[in-house]
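Visitor: got a structure for you, letters missing:
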């Protein structure tokens, strides 16, 4: 069985019942709406039961010789009961769905807020298809609980109780005959509770796995075609589809068993009650005219229970969906907002790493150990080193995606832990190596950094990063061109330059460039280097670099190796004195730097 990556995030000792119970917290702002929904649900079913009872009573009276005049009052009462029934039914359905959709809106907002609060660390190791399935499919499934279970559950308690009381008033033996079947039917979900929970978890996990494979297949279609991996990828999709099919079959097999038990016990209850009524009528303990009324009351006592239990057969999947959602909502943030935040301005400040040690998890080796690093205001510092040396970890700590295990990272003399996340995001901007562009226009993608920026400011940022020319000359609609999913209509270098323009437009005083020019051709790189020198003036810049031209433009180069700072200096100095640095850049001439990688 495949481990659900979302459920695996649950804290130790947490149970599905307690996690799903936490979803009731979402009801608090909507308690009045729930009360109104329950009221109309009881009114609707109460009117239906009363109307059916009055109708059956009139049929019994008519069958035993009552005249039309004797039935007139009863017919008027029946009419008065039937007329408002469609209204109460519509109101109950409307209120239940209105409440459910309001709660789902709250839940979506809380879920995306939680993902934003937990990102990016929470998303590491998670498949985008799985997270998407949770954000859409799981939330939609929870609607079943709020719209079709809560209110009907209360109704299913009140209406059978009312039917039992009415039967008891006719004759206590009738209520005693029906009561065991009512209890047995109501207890059916308890019989299958564990199996339903297991089936629900398997179903949601298999659905999420298939969603993940489908997203991988679409996003990786180029690689699948290029390397001829059609059959292996189809095999993975087929395996995920087969697991989902098996989970669905098990789920519906158990649901069918529940339905059979429900129908059987309902039939037994009706037969026992009708037979008891027949005996009581034959012995003149109950008038013959009341016989149709007994049959209707006995049958109607099961109607709300049948409705709820039909829905309840899906509650295993609902419970699993709720568990997955609440697992995210209750996952503690990797970094916490400060209790007493420091006020900061938008002015650049020194960046200091002071004896920083960090590891991504207790099971992993140290990523940084006792790292001390100074980045003066307005300077550019390049981090170099082999893969796994700790370069990206330094950038992640500066962005405060994680907090150091020991030591501290400061900006303008303030520990990052004392700054609000929103303030830090305005102070530090990132241009990642693998940039993400949304399926909107070029201008909108650049303007994401500052939504209130004018068109002139967008164009200015584009010009500074060598974007303006290709936007105007190569794209059919210029700045209004839709770039496609992940910027599919642009080249890698074009996407990267738009990402740099986006960061520059944000006017953050600190820039983190993660090999930001890796996808730019040499001719564009030269122009971009000149533009970057201009825009970096007055900004503190941390560059993760492998290209020699990028490293040479830095004020200072920091060589990292296995999480340690092994040397600091200018490119010319390091290329002369440090053999590790020379090997890293492919320099073979001991007397000085040659053409780098």
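Guide: That came through fine. The shown structure was predicted, so the numbers you read here are calculated from the model rather than taken from an experiment.

Visitor: surely residue 236 meets residue 213?
Guide: Yes: with contacts counted by C-beta atoms under 8 Å, residue 236 reaches residue 213, the gap being 5.5 Å. The C-beta positions use only the backbone N, C-alpha and C, and glycine is treated the same way.

Visitor: so which of these two has more stuff around it?
Guide: residue 213 (20 against 17; other C-beta atoms under 10 Å).

Visitor: so residue 559 sits in a strand?
Guide: Yes: under DSSP: H, G, I helix; E, B strand; the rest coil, residue 559 falls within a strand.

Visitor: any buried residues in the host helix or strand of residue 472, and which?
Guide: Take DSSP states H and E as the rule and residue 472 turns out to sit in helix 468-474. Residues of helix 468-474 classed as buried: 468, 470, 471 (neighbour count, 16 or more other C-beta atoms under 10 Å).

Visitor: count of neighbours near the nearest residue to the first one once chain neighbours are set aside?
Guide: Translated: residue 468. If the residues on either side of it in the chain are set aside, residue 468 comes closest to residue 462, at 4.4 Å by C-beta to C-beta, 6 or more residues apart in numbering. Residue 462 has 26 neighbours, counted by other C-beta under 10 Å.

Visitor: contact partners for residue 462?
Guide: When contacts are counted by C-beta atoms under 8 Å, 6 or more residues apart in numbering, residue 462 touches 446, 468, 471, 479, 498, 501.

Visitor: ramachandran angles for it?
Guide: With angles defined as degrees, to the nearest 10, residue 462 sits at phi -70, psi -40.

Visitor: next one: it from residue 488, what distance?
Guide: 20 Å (C-beta to C-beta, to the nearest Å).

Visitor: do residue 468 as well
Guide: Taking C-beta to C-beta, one finds residue 468 at 21 Å from residue 488.

Visitor: kindly report the same for residue 117.
Guide: Distance, residue 117 to residue 488, using C-beta to C-beta: 30 Å.

Visitor: what about those two, which has more around it?
Guide: The residue with more neighbours, out of residue 117 and residue 488, is residue 117; 19 against 11, by other C-beta under 10 Å.

Visitor: you'd agree that one is up against residue 332?
Guide: No: using C-beta under 8 Å, residue 117 is not in contact with residue 332; the gap is 9.6 Å.

Visitor: run through the neighbouring helices and strands of the helix or strand hosting residue 71.
Guide: Taking DSSP H and E as the criterion, residue 71 maps to helix 68-82. The helices and strands touching helix 68-82, judged by 3 or more C-beta pairs under 8 Å, 6 or more residues apart in numbering; DSSP states H and E, are helix 31-63.

Visitor: and the helix it packs on, what's buried?
Guide: By neighbour count on 16+ other C-beta under 10 Å, the buried set for helix 31-63 is 33-34, 36-62.

Visitor: what of stretch 495-506?
Guide: Across stretch 495-506, burial judged by 16+ other C-beta under 10 Å covers 495, 496, 497, 498, 499, 500, 501, 502, 503, 504, 505, 506.

Visitor: let's have those in CSV, adding distance to residue 409.
Guide: Below are these laid out as CSV (distance: C-beta to C-beta, whole Å):
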residue, distance to residue 409
495, 29
496, 26
497, 29
498, 29
499, 24
500, 24
501, 27
502, 24
503, 20
504, 23
505, 25
506, 20
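
Visitor: put together JSON lines for those, with distance to residue 143 and secondary structure on each row.
Guide: As requested, the buried residues of stretch 495-506 are exported to JSON lines (distance: C-beta to C-beta, whole Å; DSSP: H, G, I helix; E, B strand; the rest coil):
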{"residue": "495", "distance to residue 143": "38", "secondary structure": "helix"}
{"residue": "496", "distance to residue 143": "41", "secondary structure": "helix"}
{"residue": "497", "distance to residue 143": "44", "secondary structure": "helix"}
{"residue": "498", "distance to residue 143": "39", "secondary structure": "helix"}
{"residue": "499", "distance to residue 143": "38", "secondary structure": "helix"}
{"residue": "500", "distance to residue 143": "43", "secondary structure": "helix"}
{"residue": "501", "distance to residue 143": "41", "secondary structure": "helix"}
{"residue": "502", "distance to residue 143": "37", "secondary structure": "helix"}
{"residue": "503", "distance to residue 143": "40", "secondary structure": "helix"}
{"residue": "504", "distance to residue 143": "43", "secondary structure": "helix"}
{"residue": "505", "distance to residue 143": "40", "secondary structure": "helix"}
{"residue": "506", "distance to residue 143": "38", "secondary structure": "coil"}
